[in-house]
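Engineer: give me a model of this one.
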Amino acid sequence: MKKWTLLHKGNIEESEKKSVSKEVYQILKNRGITDDEDIEIFTNPSLEYLRDPFIMKDMKKAVNRIEKAVENRERIWIYGDYDVDGVSSTSIFIIYFRSIGYDVRYYIPNRLEEGYGINKEAIDYIESEGADLIISVDCGITSVEEAKYCREKKIDLIITDHHECQSEIPDAYAVINPKQEDCDYPFDMLCGCGVAFKIIQALTPPEIFRDTVYDYIEIATMATICDVVPLVDENRIIVKNGLKSIKNCRNVGLDALIDVCGVDKEKIGSSHIGFSIGPRINASGRLGFSGLGVELFTETDREKAIKKAMQLDAKNDERQIIESKIYHDAEEEIKRNPSYLDDRVLVIAHEGWQHGVIGIVASKLTEKYYKPTILLCIEDGEATGSARSIKGFSIFDALMNSSELLNKFGGHEQAAGLSLSVENIDELRKKINSFADYNLSEEDMIEEIKAEFEICEESANFKLIEELHMLEPFGVSNPTPRFMLRDCLVNEIRYMGKNRQHIKIIIEKNNRFECIGFNAAHLADGITIGDRVDIIFQLDENTYMGNRKVQFIIKDIRLAYPSSVSSNIEAVNLMMNIIPKDNKNLYINRNYDIRISKEDVSGNIEENILSLFNKNTLVIANTINGYFRAKSDISIINEDYSVYFNCLNTEKTEDEIHLIFAPNIDKIDIKRYNNIILYDYLYNEGDYADLYSKKSEKCRIIKNYSELDLVYLKNIIDNIVPDRDEFVVVYRYVYKMKSLSIRLDDIKAVFRMTPLKVIAALRVFAELGLVDFEMSCDSKFIKAVSRPKPDTKLDLNKSEILTNLKMLRRDSYEFYKF
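Structural biologist: Numbering: from 1, shown residues only. Alright, predicted model coming up:
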């Protein structure tokens, strides 16, 4: 189960900003954007806001060296990487040099044969072809030995990179990486192509760059999206303007690839780039054909570009087949060795895997199990691998901690590459899991899903959908806004897709909404028509046969209140606890000195209830309806909480919320709480008297119920005491059958009375020694076995439980005038 977090709790206020609605203003506030200037820059990120590239460390030095090389007609090589970012970086440099009439050559290592980064064999090849200057893009920050090798060969090396720096920076002619500790550049989250883009900006006079920027920004946009860097600051400026430019795409190769993918350029967004365009470039690199991407983006002939784009499309199909097999192998390995499921980090090695593809599979396993994952391909005594992580756990730091076991590694907090000797694999698994045991808590291992705020259903309309477009592009640090809607009635559930992997749910409050979940059929497990649910979703619109309607894209869904309490294990557990199990939890008829007024009892549903919780809060529910309402509220405020039935564990820490169902008020230490929130009417006047007389002066009592909720309490009070005839029916049935095992759903049909009355009767019989009664919290069955009949007739009135329930019913009837 995922952890739900509301970025803003309670009502959203009217916006003072005339340019945006209150809903969009709240989303901007959630991102820390509040003043007019910041809102203007975020919603209209002009290219004028690009920073001075010369602030970046070594930029002036690198620019001077490149200009000198051009002036002296030196031989320049671009050394790239094989992923989208590296291919894009290489491409825009070639396009730049071509624009000034200068020929350069490029080298991208074969992923399958050479692996990641600069290597000495590649330097040897470049030297043999003739080289004076190498410019690395999207790689090189860990190439300490290779930088020395270049110096020995009297080849100048300019490293441009964006990956995490290790303790030693290579001794290159210049190192441009905004992540260097002594770099003053104010934004260090550019991708590799973003860094290359800044160098081209520095190389180009401003008045010329204003026109030529569009020759590079489309490719830089693709790289920025696909490298999954935060879409804020300069990344947002690049992508926002790049997506606009792509609608009339200048780059012949990118335009061809978009057409081959079947993407409408007028509607293109970050998701099309990330999930359709990018994977085709990556596929060629993963299979050892990285040069194909560079050839495409530097092609100027439309017909040739289409052929290259189709080749990339075919490589992507090939990649998908290989990926599917690796995923199947990894899952089979986990099934064979269940100890993997106990690990906090999955480390799985296998012979014969295509190591160019295992990164995608690592991502999928990380998503499925919500655990950091390292997949390793074994070949010739060495294991080469890819690592992916979850929020809050730096896989780069984890590998750094095990660096003595590795031959090579590099990457980011969330993704990394590595190689090691086969004999070190088991030790790596042990050591990295020891690191994770210390650095990953149980809470960290629960996936968090965030919603902007609880939306008013009237606001879920076309106007808001249209306004949300101004917040695009969406990605890391600016996610697609998600909203929460609670207590929705499920009217229809339909499974779709070849393998029934998609789901359509029709929900209703005051309005009906169509909800679609892609590859999310599992989210409907345990949900039935008639249930009430809470949902987190993205707003979208759907047009079919000219009919346009608002549509919710489901991101998560959970039960708010079951249509049949007898069919829901949690509700059954609540029902069990309404009737005391023994005389330890009996209701006490007590005397009290204070009188309870109507004002003391009457409540009102609090619209801003989430803002009233604090860590030292007692939440009371007496009905199944009240309990589910309370749990829904508590579970989205992200505080620690514990659930109790009838009595509290007084040893529990005060630094959390306590939710108690059907409590004995007289047995609770009321004074310890700052807040007491009632989600139901209390049983009677004595309970209210206990609450008001024992609370501390600073304690607030919030009655979060309405008059309509009294019917739920009355339903319980009416059903906790069977009459004599009902006792006889239950006893005769059990005695005749000898043993009873029956679903709660079937009780009404068999006994013609409510499950609550049958449970009450069996509790009384068990107290009097007439039956053995069993009902577990994780079962929808009740079980009872008859015991030998007593020699003398038993008097039901000797039952303390029955006497107690009658007393409780009497006091409630008198107080509420039922």
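
Engineer: and residue 658, what element?
Structural biologist: strand 656-661 (DSSP states H and E).

Engineer: which parts of that strand are buried?
Structural biologist: For strand 656-661, the neighbour count (16 or more other CB atoms under 10 Å) marks 657, 658, 659, 660, 661 as buried. From N, CA and C alone the C-beta is placed, and that goes for glycine too.

Engineer: within the helices and strands, which one has the residue positioned nearest the centre of the chain?
Structural biologist: When the chain is reduced to its mean C-alpha position, the closest residue under CA atoms, centre = their mean turns out to be residue 449, at 3.9 Å. Applying DSSP H and E as the criterion places residue 449 in strand 448-451.

Engineer: contacts for that strand?
Structural biologist: 2-7, 391, 479, 482-484, 536, 555-556 (CB atoms under 8 Å, 6 or more residues apart in numbering).

Engineer: now residue 484: how far from residue 561?
Structural biologist: 16 Å (CB to CB, to the nearest Å).

Engineer: swap in residue 273?
Structural biologist: From residue 273 to residue 561 the distance is 41 Å (CB to CB).

Engineer: I'd guess residue 417 is in a helix, am I close?
Structural biologist: No. Counting by DSSP: H, G, I helix; E, B strand; the rest coil, residue 417 is not found in a helix; it is strand.

Engineer: tell me the secondary structure at the residue lying closest to it once chain neighbours are set aside.
Structural biologist: Distances taken as CB to CB, 6 or more residues apart in numbering place residue 116 nearest to residue 417, at 5.0 Å, with adjacent residues excluded. Counting by three-state DSSP, the backbone at residue 116 sits in coil.

Engineer: what's the burial count for residue 367?
Structural biologist: Per other CB atoms under 10 Å, the neighbour tally for residue 367 reads 13.

Engineer: in which helix or strand would I find it?
Structural biologist: Using DSSP H and E, residue 367 falls in helix 358-369.

Engineer: buried set for the helix or strand just after that helix?
Structural biologist: Following helix 358-369 in sequence order, the next helix or strand is strand 373-379 (DSSP H and E). Neighbour-count burial for strand 373-379, counted by 16+ other CB under 10 Å, picks out 373, 374, 375, 376, 377, 378.

Engineer: and strand 373-379, which strands flank it?
Structural biologist: Its sheet considered, strand 373-379 pairs with strand 346-351 (parallel), strand 382-388 (antiparallel) by DSSP bridges.

Engineer: what residues does the first one touch?
Structural biologist: What it means is strand 346-351. With contact meaning CB under 8 Å, 6+ apart, strand 346-351 is reached by 326, 329-330, 333-334, 340, 365, 369, 371-379, 383, 385, 422, 425, 428-429, 432-433.

Engineer: which residues touch the residue lying closest to residue 628 once chain neighbours are set aside?
Structural biologist: Nearest non-adjacent residue to residue 628, counting by CB to CB, 6+ apart: residue 561, 4.6 Å away. Residues in contact with residue 561 (CB under 8 Å, 6+ apart) are 487, 531, 532, 624, 625, 628, 629.

Engineer: pull the CA atoms of stretch 746-756 into PDB?
Structural biologist: C-alpha atoms of stretch 746-756 as PDB (Å, rounded to 0.1, in the frame of the first residue of the first chain):
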ATOM      1  CA  ASP A 746     -24.800 -15.400   4.900                       C
ATOM      2  CA  ILE A 747     -25.900 -14.600   8.500                       C
ATOM      3  CA  LYS A 748     -28.900 -12.600   7.600                       C
ATOM      4  CA  ALA A 749     -30.300 -15.300   5.300                       C
ATOM      5  CA  VAL A 750     -29.700 -18.100   7.800                       C
ATOM      6  CA  PHE A 751     -30.800 -16.400  11.100                       C
ATOM      7  CA  ARG A 752     -33.000 -13.600   9.800                       C
ATOM      8  CA  MET A 753     -31.200 -11.100  12.000                       C
ATOM      9  CA  THR A 754     -28.200  -8.800  11.800                       C
ATOM     10  CA  PRO A 755     -24.600 -10.200  12.100                       C
ATOM     11  CA  LEU A 756     -24.200  -7.900  15.200                       C
END
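
Engineer: list the buried residues for that stretch?
Structural biologist: By 16+ other CB under 10 Å, the buried positions in stretch 746-756 come out as 747, 751, 753, 754, 755, 756.
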